[in-house]
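Asks: Sequence and predicted structure are below.
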Amino acid sequence: MVTKRVGRSVTKNKKQDDLEQRVGELTLDLQRTRADFENYRKRVDVEKAMAKATGRVSAISQLLPLIDTIDRAISHLPDDLKHNNWANGVVAMSRNIDKILDELGVEKIKIVVSETEFDPEFHEAVSMEEGPGKTEVISEELQSGYLMSGQVLRHAMVRVSHK
């Protein structure tokens, strides 16, 4: 009778050892699965942020020609319409657009004609006027350039001359 008990104890210990080993394996699998899921979640968050930023850049880039047109219309506003309510509404709309762009981190590339040096990182030269000096300065801004969070959305289209 004593032998049966020893046999059962050995069998129980073996089963318990097998179960403990299996629990350990399953615990490791669970930890790996959790880590994989956490890495997946982080990767998806980064991809979402990148997609959002790309969409924002694309949408703003498509609006820039419209903004240019509004700015050109305002700059050519006849004197007799300076006090016209409709014309003032267009000017107010332009200011609102500028405010929204500012909130989105979009800013115009600043150019002071005859003072700002040409920089190909920010400017696109469409013509070059010869002059006595070696310094290339912007002589005319043909189209505004824009930055978004420090990155060029669109280069400023300029004429360059030597000073």
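Replies: Perfect, I can see it now.
Asks: just checking, what packs against the longest helix that the chain contains?
Replies: For the chain, the longest helix by residue count, based on DSSP state H, is helix 2-75. If you count contacts as 3 or more Cβ pairs under 8 Å, 6 or more residues apart in numbering; DSSP states H and E, helix 2-75 packs onto helix 85-103, strand 146-148, strand 151-154. Glycine gets a C-beta too; all of them are placed from N, C-alpha and C.
Asks: Identify, out of those, the most deeply packed stretch.
Replies: Stretch with highest mean neighbour count among the helices and strands packed on helix 2-75: strand 146-148 (a mean of 18; mean count of other Cβ atoms under 10 Å).
Asks: ok, that strand: who's next to it in the sheet?
Replies: strand 106-108 (antiparallel), strand 151-154 (antiparallel) (DSSP bridges).
Asks: Nearest to Pro120, out of these?
Replies: Evaluated with Cβ to Cβ, these place strand 151-154 nearest to Pro120, the distance being 10.5 Å.
Asks: Now do the contacts for the closest residue to Glu130 other than its chain neighbours.
Replies: Spatial nearest neighbour of Glu130, excluding adjacent residues (Cβ to Cβ, 6 or more residues apart in numbering): His162 at 6.2 Å. Contact analysis of His162 by Cβ atoms under 8 Å, 6 or more residues apart in numbering lists Glu129, Glu130, Gly131, Pro132, Gly133, Lys134, Thr135, Glu136, Val137.
Asks: For the residues you listed, which PyMOL command selects only the ones that are buried?
Replies: The buried subset of these, as determined by 16 or more other Cβ atoms under 10 Å, is captured in PyMOL by this line:
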select buried, resi 136+137
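Asks: what separates the spatially most central residue of the chain from Val152, distance-wise?
Replies: Centroid-nearest residue in the chain: Ala53, 4.0 Å away (criterion: Cα atoms, centre = their mean). Remark: distance between Ala53 and Val152 (Cβ to Cβ, to the nearest Å) = 15 Å.
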